[in-house]
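K.L.:
What shape does this take:
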Amino acid sequence: MAEQQGPRPEHGGTELILRVLRVSLHVGFAVLLLVAVVRLLIAASSPVGLGAGLLLSVLLAAVYLAGTLLEKRHAVDPSRFDPSRFALHWLGAVTLLWLLLLLVSSDFAWVAFPLFFLQLHLLPLRWALPAVGASTALLVGSLWFHSRGTGDGGLQLAMVLGPVFGAAFAVVTGLAYRALYLEAESQRVAAEELRRTRAELARSQHEAGVLAERERLAREIHDTLAQGFSSILLMGRSAAKALDAGDRDTVRSRLQTVQDTASANLEEARSFVRGLQPPELEESGLVEALRRLCAKTESEAAARGTSLRCRFELEGTAVELPKAYQATLLRAAQSSLANVWAHARARTAVVTLSFLDAEVTMDIYDDGVGFDPAAVLSVAARPDGSGVGIMSLRERLSAFGGTLDIESAPGEGTVVAVRLPLSEGKAPGA
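P.N.:
Have a look, this model is predicted:
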């Protein structure tokens, strides 16, 4: 149990030094005990003293070995029995057996030096130093006690200086060991904290990535699939009414619109799976995609019996925009025009794409019933998942440093103004 002082330090240069010192301590204890036993066997004066010395030596070796083995097993596998709470009892047993051996023979006096290190390591410093001092005094007393029958029965200088210098060396070395141990322990704690911080950072980044991807998919679904399904639903109802009225041509036209919209939605879903840009942009550029969107909006409005004229206008010289810019502008137009035919009851809608020196802008105008932007924007998304279009569009634009402005009033129509910054007349990454 010579190592029972908190968790094990991390492996490294300092740990290697500590391990060498611990092994040296155990080997030194075993060698000194073995030398004392051999000298006892050679110089024993009585069978009783010899028997007592051998028995106590075996007990001391067994107790010491049991403690070190238990500590080693726990160090290898912390889930095993932890002997640290019995460390002081173990040290007391080892010290008591050593004191009894001192009564048998002075040859066991030198086992005190490994015990000094154990006391310095296992005991708090305020207790360790007095313990070392008391052990040194007992060691000196034992040497004097066993020298009484010799010609030099008095207390000699060597009997004092040897143990005192040995104890002083043990204290200095033990304090150095303690400093190394505390440094290694500090490094271990720092390394564990770093690993824990890295794990928490990786987990938070993963959660943030999952949330961002979920929000991205929600925006894509709202601006594409949800709008398409809404159109399919309206066309289906219109086809049912035309069927009841016996208007086969209108039914056929509505069903064709349903097929076209479903086909477009299928392509959108496949693009989500592949992680690609909108299918409209794969076929052509942004300008043509916006032209087709206006034509599609107008035809769908006519299919529902709504008189809506939707046109596209281009101002300035078009420049090549990044795919992300193109997708954002197309989604903004899709979302805005969907709101026009769903809520505005407008007769005219105009999508204007303008390329300026420092930015690209897109304005979606309609002459519909208008609304109070402050009242609408203050309302959160509805439980059915609708009502997130404007919020979704703002999030799309803010990712690129863009802005969204809405100008409207009841009875005065609406203008949705989208701004995306350019750099020196060219979008970043174009």
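K.L.:
which strands and helices sit next to the strand or helix carrying Y177?
P.N.:
Using DSSP states H and E, Y177 falls within helix 157-220. Counting contacts by 3 or more CB pairs under 8 Å, 6 or more residues apart in numbering; DSSP states H and E, helix 157-220 is packed against helix 13-43, helix 112-122, helix 125-146, helix 248-274, helix 389-398. Placement of C-beta: from N, CA and C, glycine included.
K.L.:
try 6 Å this time
P.N.:
Contacts defined by 3 or more CB pairs under 6 Å, 6 or more residues apart in numbering; DSSP states H and E place helix 157-220 against helix 13-43, helix 112-122, helix 125-146.
K.L.:
now for the longest one, which elements pack on it?
P.N.:
For helix 13-43, the elements it packs on are helix 112-122, helix 157-220, judged by 3+ CB pairs under 6 Å, 6+ apart.
K.L.:
and these, which is most packed in?
P.N.:
Compared across these, helix 112-122 shows the largest average neighbour count, a mean of 23 (mean count of other CB atoms under 10 Å).
K.L.:
just to revisit the earlier point, got a markdown table for the helices and strands packed on helix 157-220, with mean pLDDT too?
P.N.:
A markdown table is the format used below for the helices and strands packed on helix 157-220 (pLDDT from 0 to 100):
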| stretch | mean pLDDT |
| --- | --- |
| helix 13-43 | 79 |
| helix 112-122 | 81 |
| helix 125-146 | 81 |
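K.L.:
Distance to P410 for these - can I get that in TSV?
P.N.:
TSV is the format used below for the helices and strands packed on helix 157-220 (distance: least, CB to CB, whole Å):
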stretch	distance to P410
helix 13-43	76
helix 112-122	84
helix 125-146	82
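K.L.:
Out of those, which is closest to Y181?
P.N.:
With CB to CB as the criterion, Y181 lies closest to helix 13-43 of these, at 6.2 Å.
K.L.:
and that closest one with helix 112-122, angle?
P.N.:
150 degrees (axes from the mean of the first three to the mean of the last three CA atoms, to 10 degrees).
K.L.:
let's have the chain start at 38 instead
P.N.:
Happy to do that; since the first residue is 38 now, the last one works out to helix 50-80.
K.L.:
which of the residues in the helix or strand following helix 50-80 are buried?
P.N.:
Beyond helix 50-80 on the C-terminal side, the first helix or strand identified by DSSP H and E is helix 84-113. Residues of helix 84-113 classed as buried: 87, 89-90, 93-94, 96-98, 100-101, 104-105, 107-108, 111 (neighbour count, 16 or more other CB atoms under 10 Å).
K.L.:
The helix or strand just after helix 84-113 packs against which elements?
P.N.:
Later in the chain than helix 84-113, the nearest helix or strand by DSSP H and E is helix 124-141. If you count contacts as 3+ CB pairs under 6 Å, 6+ apart, helix 124-141 packs onto helix 84-113, helix 149-159.
K.L.:
Which neighbouring elements make contact with the longest one?
P.N.:
In terms of contacts (3+ CB pairs under 6 Å, 6+ apart), helix 84-113 is packed against helix 124-141.
K.L.:
Which of the helices and strands packed on helix 194-257 sits closest to R235?
P.N.:
Nearest of these (CB to CB): helix 50-80, 21.4 Å.
K.L.:
Report the inter-axis angle for that closest one versus helix 84-113.
P.N.:
Orientation check (the same axes, to 10 degrees): helix 50-80 against helix 84-113 gives 170 degrees.
K.L.:
Taking helix 194-257 as reference, get the angle to helix 50-80.
P.N.:
150 degrees.
K.L.:
quick check: angle from helix 50-80 to helix 124-141?
P.N.:
Using the same axes, to 10 degrees: helix 50-80 against helix 124-141 is 30 degrees.
K.L.:
What part of this structure, helix or strand, is modelled with the least confidence?
P.N.:
Using mean pLDDT, DSSP states H and E, the weakest-scoring helix or strand in the chain turns out to be helix 316-320, at a mean of 66.
K.L.:
give me phi/psi at the closest residue to D403 other than its chain neighbours?
P.N.:
What sits nearest to D403 in space, not counting adjacent residues and going by CB to CB, 6 or more residues apart in numbering, is A383, at 3.9 Å. Phi and psi for A383, reported as degrees, to the nearest 10, are phi -90, psi 160.
K.L.:
so A383 sits right up against Y402, yeah?
P.N.:
No: with contacts counted by CB atoms under 6 Å, A383 stays clear of Y402, the gap being 9.1 Å.
K.L.:
what residue ranges in the stretch 188-337 of the chain score low on pLDDT?
P.N.:
188-195, 250, 253, 256-257, 259-261, 305-317, 319-320 (pLDDT under 70).
K.L.:
quick one: contacts for V141?
P.N.:
Applying CB atoms under 6 Å, 6 or more residues apart in numbering, we find V141 in contact with G86, A89, G90.
K.L.:
run the last query once more with 10 Å
P.N.:
Residues near V141 by CB atoms under 10 Å, 6 or more residues apart in numbering: 73, 77, 81, 85-94, 183.
K.L.:
State the pair within those that is farthest apart.
P.N.:
Taking CB to CB as the measure, those have their most distant pair in L92 and H183, spaced 19.1 Å apart.
K.L.:
rewinding a little: out of the helices and strands packed on helix 124-141, which comes closest to L434?
P.N.:
Here helix 84-113 is closest among the helices and strands packed on helix 124-141 (CB to CB), at 58.5 Å.
K.L.:
so how far is the closest one off the chain centroid?
P.N.:
How far helix 84-113 lies from its chain's middle: 47 Å, per CA atoms, centre = their mean, to the nearest Å.
K.L.:
Isn't V72 up against W147?
P.N.:
Yes: using CB atoms under 10 Å, V72 is in contact with W147, at 7.6 Å.
K.L.:
out of those two, which sits in the more crowded spot?
P.N.:
In this view V72 and W147 are compared by other CB atoms under 10 Å, and W147 has more residues nearby, 18 against 14.
K.L.:
Surely the more buried one touches F153?
P.N.:
No: W147 lies out of contact with F153 (CB under 10 Å); the separation is 11.1 Å.
K.L.:
can you list residues touching both of these two?
P.N.:
L176, P200, G203.
K.L.:
middle-most residue in this protein, spatially?
P.N.:
The residue lying closest to the centre of the chain (CA atoms, centre = their mean) is E237, at 2.3 Å.
K.L.:
Now do it against A245, distance only.
P.N.:
Counting by CB to CB, to the nearest Å, the gap from E237 to A245 is 12 Å.
K.L.:
Then E337?
P.N.:
With distances taken as CB to CB, E337 is found 38 Å from A245.
K.L.:
before we move on, what about L212?
P.N.:
L212 sits 48 Å away from A245, going by CB to CB.
K.L.:
just to revisit the earlier point, check contacts around the residue nearest to D403.
P.N.:
When the contact criterion is CB under 10 Å, 6+ apart, the partners of A383 are 338, 343-347, 377, 402-407, 450-451.
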